[in-house]
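3D model of this:
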Amino acid sequence: TKPIGHLGPTARRARGLCAVPEERNGHAAVADLTLALNGALTARRRMGFVSGGLINMGRAKGYAAKVIGAFSVKALGHQSTAGSLSGGNLQKFIMGREILQEPAAIAVSQPTWGVDAGAASRIRQALVDLARAGSGVLVISQDLDEIFEVATHIAVISEGRLSKAYPAQDLNREKIGLLMGGMHDSAKEAAHAH
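Residues are numbered from 1 along each chain as shown. Below you'll find the model as predicted:
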């Protein structure tokens, strides 16, 4: 593997990275664009939508329809604008758009924010399935239940400092609380005290 941090978004995506930022509107989706075009924003090269510098709208529409179906997005179809969807449905579309690209690595922030319990479960399972298939999956979340459900390793950011990554089975809420309070050494000792 080679470092890609110095590369721009297009080059990172060409190397297999997909991402879902915390902010849906403006960062992950463009409200005035259709779902087909929002799908093409990040999937155009990976999913083969671009030929000769032009977007193959048939493929883009088909991909948007696939995302809508696979993630139960309540929309009138690929022609719906991102801004016409509820927050939870837009989140499902954005997560589906990235997950169905079968990335080599994916970084997601607050993956189930605003979605119902059933959709949250499907999204979490899709992330677990990606990891099992060999993708690197980084989940940033404030939901500890979500973290425990999907993580094999857990690290905590506290006061701008990142803890070491602990095997998830070595942590519980109390130990994570210590890490969140900045007590990295105490949590390390507690994690190895059993």
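
do you know how far the nearest residue to K66 once chain neighbours are set aside is from R24?
Excluding the flanking residues, the one nearest K66 by C-beta to C-beta, 6 or more residues apart in numbering is L100, at 6.5 Å. C-beta coordinates here come from the backbone N, C-alpha and C atoms, glycine included. With distances taken as C-beta to C-beta, to the nearest Å, L100 is found 17 Å from R24.

for I94, same thing?
For I94 relative to R24 (C-beta to C-beta), the value is 6 Å.

repeat for R45
Relative to R24, R45 is positioned 22 Å away (criterion: C-beta to C-beta).

of these two, who's got more company?
Counted by other C-beta atoms under 10 Å, R45 and R24 do not tie: R24 has more neighbours, with 21 against 13.

show me the contacts for the more buried one.
Neighbouring residues of R24 by C-beta atoms under 8 Å, 6 or more residues apart in numbering: G87, L90, Q91, I94.

at 6 Å what do you get?
L90 (C-beta atoms under 6 Å, 6 or more residues apart in numbering).

circling back: mind checking pLDDT for the residue nearest to K66?
What the model reports for L100 is a pLDDT of 97.

what's around it, how many residues?
For L100, using other C-beta under 10 Å, the count is 19.

what's the average pLDDT for stretch 147-159?
Averaged across stretch 147-159, pLDDT comes to 94.

what about it, how long is it end to end?
20 Å (C-alpha to C-alpha, to the nearest Å).

buried set for it?
Going by neighbour count (16 or more other C-beta atoms under 10 Å), the buried part of stretch 147-159 is I147, E149, V150, A151, I154, V156.

Equivalent analysis for stretch 32-41, please.
Those would be T34, L35, A36, L37, N38, G39, A40, for stretch 32-41 by 16+ other C-beta under 10 Å.

Kindly report the same for stretch 108-127.
Quick answer for stretch 108-127 (16+ other C-beta under 10 Å): 108-113, 115, 119-120, 122-124, 126-127.

which stretches of the protein form strands?
17-20, 50-51, 54-55, 105-109, 136-140, 153-154, 157-158, 161-162, 166-167 (DSSP state E).

okay if I get those as TSV plus distance to A82?
TSV is the format used below for the strands of the chain (distance: least, C-beta to C-beta, whole Å):
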stretch	distance to A82
strand 17-20	14
strand 50-51	20
strand 54-55	16
strand 105-109	18
strand 136-140	22
strand 153-154	32
strand 157-158	29
strand 161-162	32
strand 166-167	37
